[in-house]
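A.B. asks: Got a sequence here, can you model it:
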Amino acid sequence: MPLKTTAAQMVAAARARITEIETRDAIARLDDPDTVIVDIRDIRERQKQGYIPGSVHAPRGMIEFWIDPDSPYFKPVFGEAKRFVFHCASGWRSALTVATLQDMGFEAAHLRDGFTDWVKQGGPIEKDTQWG
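C.D. replies: Numbering: from 1, shown residues only. Got it, this is the predicted structure:
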């Protein structure tokens, strides 16, 4: 049965209305204390592939609850007056996430080409030694 809207169409619609950050610009902002990079990839992706130094891990399935100050799951980092840049592996999940957060009134951007491009362009990464 054909879908009414495909995932690719949803991503394209989200990208048309959100702020997208190029990888080179995100790399340049890595040391900016007013920028918070938020990794929404699954914990297993972070463990296997590494992560952007200083990034905050926020599982995609919890992000709406973590940013909502009225939620019992609210995380204080999301109440700070900072610029938030969300990322996933390729930019699809983060585009959908940022569009949803924008609908909630939370201003954020996303890393257009994701962690894969970050690595490809030589952005620094860290790996936890306990995960190999």
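A.B. asks: Next one: residue 38 from residue 10, what distance?
C.D. replies: 20 Å (C-beta to C-beta, to the nearest Å). The way it works is simple: take the backbone N, C-alpha and C, and place the C-beta from them, glycine included.
A.B. asks: quick one: contacts of stretch 65-72?
C.D. replies: By C-beta atoms under 8 Å, 6 or more residues apart in numbering, the list of residues contacting stretch 65-72 from outside reads 58, 64, 73, 74, 75, 78, 79, 101, 104, 106.
A.B. asks: oh sorry, the question was meant for stretch 97-112
C.D. replies: Applying C-beta under 8 Å, 6+ apart, the contact partners of stretch 97-112 are 13-15, 17-23, 26, 37-38, 40, 60, 63-64, 67-68, 78, 83-88, 91, 94-95, 117-118.
A.B. asks: Can you select the buried ones among those residues for me in ChimeraX?
C.D. replies: Restricted to buried positions by 16 or more other C-beta atoms under 10 Å, the ChimeraX selection for those reads:
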select :14,15,18,20,21,23,26,37,38,40,60,63,64,67,68,78,83,84,85,86,87,88,91,94,95,117,118
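A.B. asks: Tell me which of the contacts of stretch 97-112 fall in strands.
C.D. replies: Judged by DSSP state E, strands contain the following of the contacts of stretch 97-112: 19, 20, 21, 37, 38, 83, 84, 85, 86, 87.
A.B. asks: This completes my enquiry, with thanks.
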